[in-house]
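S.K.: only geometry, no sequence info:
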């Protein structure tokens, strides 16, 4: 079992008011699953994704990641998990504008203390795996939206993470480019990667093996898709 939630709740304080975002989530995710999280705005999708990614912690309940209870980990231990075990892909790419594609992909390896020559080799390999082996020295403003998202994907992959978390990964792309990015996710899953993505697009969710629908901070539906 890679991920297990038991009775996870998350409440935010807005002034004196408590706002519940998650209301008792029970969820299990196995290694090599391909899961889509769906739901309307305010349903808790982003909160759930942030907790899975160790960017936030539950108010109540238990979250076990790869056998470790997240609540007892220090900030440094959480940072290590985020950097070495989880690859993040965001709708807005989150690339350094003045850095080359190669340097953007190297960043997680710098934080991990990987030597420079090894960093460059692994970053170049990751870019090659998403079809950008000929764009190593291009900066983000010299790349199309789809190419920028491929750089972000390569950055997510470079540390060989346990799980890839993608938040609306095609949200800023046209449908053709979005379909190309989803083909890369399909290939990554076939190679053994665990993928969890948040999307409001039905056709994007259809690419996954399993769909979870959230409503008002609860799991409304959990469906495995035949033939995925």
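M.R.: Now that the structure is in, tell me what you want to look at. Just so it is clear, the model here is predicted, and its values are computed rather than measured.
S.K.: Geometric centre of the chain: which residue is closest?
M.R.: What sits nearest the mean C-alpha location of the chain, by CA atoms, centre = their mean, is residue 165, with 1.2 Å.
S.K.: For this structure, which segments are assigned as helices?
M.R.: Counting by DSSP state H, one finds helices in the chain at the ranges 45-52, 75-84, 101-111, 116-129, 145-157, 175-190, 202-205.
S.K.: which helices and strands does the last one pack with?
M.R.: Contacts defined by 3 or more CB pairs under 8 Å, 6 or more residues apart in numbering; DSSP states H and E place helix 202-205 against strand 34-38. (Each C-beta comes from the backbone N, C-alpha and C, glycine too.)
S.K.: Helix or strand with the lowest mean pLDDT in the chain?
M.R.: helix 202-205 (a mean of 89; mean pLDDT, DSSP states H and E).
S.K.: Is the residue nearest to the centre of the chain in contact with residue 51, as I believe?
M.R.: No - Residue 165 is beyond contact range of residue 51, at 10.7 Å (criterion: CB atoms under 8 Å).
S.K.: List the residues that contact residue 9.
M.R.: 20, 22, 23, 24, 25, 58, 59, 60, 61 (CB atoms under 8 Å, 6 or more residues apart in numbering).
S.K.: Grab the nearest non-local neighbour of it.
M.R.: With sequence-adjacent residues excluded and distances taken as CB to CB, 6 or more residues apart in numbering, residue 9 is closest to residue 60, at 4.1 Å.
S.K.: wait, what's in contact with that neighbour?
M.R.: 7, 8, 9.
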